[in-house]
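K.L.:
Need the 3D shape of this:
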Amino acid sequence: QVQLVESGGGSVQPGGSLRLSCAVSGFSLDNSAIGWFRQAPGKGHEGISCINNIDGSTYYKDSVKGRFTISRDNAKNTVFLQMNSLESEDTGVYSCAAVPIKLGSRCQEAPYASWGQGTQVTVSP
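P.N.:
Reported below is the predicted structural model:
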């Protein structure tokens with residue numbers, strides 16, 4: 001059974017940092033893409049970052065480039081999202097999602113099928 005569990009959310013002041021984790025079970029990261037999505041209050045899901053675990057290619061939404069970093073620990077079957085210089089606009093529920101992927105495929109175009117429950121990130125003074 002495929003399962004994704006997010007952790008690491010919380011409340012921080014603008015300029016602060018958080019590190020989100022996405023622990024996966026029931027499948028191997030090796031042939032998958034993992035994406036991080038955000039749902040702000042009153043808005044739909046938006047793709048923030050993703051990684052193609054076959055070739056290591058990554059994607060970042062323009063508004064988080066230079067501030068967020070996605071990484072993986074295949075031995076622990078976990079993907080991380082390091083978020084620095086957080087802004088109030090980063091507030092939302094962050095979810096990770098997974099899908100099998102092929103070498104060279106763009107993770108931001110993958111049809112994510114398995115989702116975690118999400119973790120709340122709140123950035124406020």
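K.L.:
Relative to Ala97, how far out is the residue nearest to the spatial centre of the chain?
P.N.:
With distances taken as CA atoms, centre = their mean, Trp36 lies nearest the centre of the chain, 2.3 Å away. Taking CB to CB, to the nearest Å as the measure, Trp36 falls 8 Å from Ala97. C-betas here are computed from N, CA, C, even on glycine.
K.L.:
what do you get for Ser49?
P.N.:
The gap separating Ser49 from Ala97 is 11 Å, by CB to CB.
K.L.:
Also Ala75?
P.N.:
Ala75 sits 21 Å away from Ala97, taking CB to CB as the criterion.
K.L.:
which non-adjacent residue is nearest the residue with the largest distance to the centre of the chain?
P.N.:
Here the chain reaches farthest from its C-alpha mean at Pro125, the gap being 24.0 Å by CA atoms, centre = their mean. Excluding the flanking residues, the one nearest Pro125 by CB to CB, 6 or more residues apart in numbering is Gln13, at 6.0 Å.
K.L.:
what are the phi and psi values for that neighbour?
P.N.:
Here is the backbone geometry of Gln13 (degrees, to the nearest 10): phi -80, psi 160.
K.L.:
Just give me the neighbour total for it.
P.N.:
Using other CB atoms under 10 Å, Gln13 has 10 neighbouring residues.
K.L.:
likewise Arg106?
P.N.:
For Arg106, using other CB under 10 Å, the count is 12.
K.L.:
For it, give me its contacts.
P.N.:
Taking CB atoms under 8 Å, 6 or more residues apart in numbering, we find Arg106 in contact with Asn52, Ser57, Tyr59.
K.L.:
how far away is the second one from Lys43?
P.N.:
This means Ser57. Ser57 is 27 Å from Lys43, by CB to CB.
K.L.:
same thing with the first one?
P.N.:
Noted for Asn52: a distance of 26 Å to Lys43, by CB to CB.
K.L.:
Please identify which of the two sits among more neighbours.
P.N.:
Between Asn52 and Lys43, Asn52 has the larger neighbour count (other CB under 10 Å), namely 23 against 9.
K.L.:
what's around the nearest residue to Val121 once chain neighbours are set aside, how many residues?
P.N.:
Spatial nearest neighbour of Val121, chain neighbours left out: Gly9 (4.8 Å); criterion: CB to CB, 6+ apart. Counted with other CB under 10 Å, residues neighbouring Gly9 total 19.
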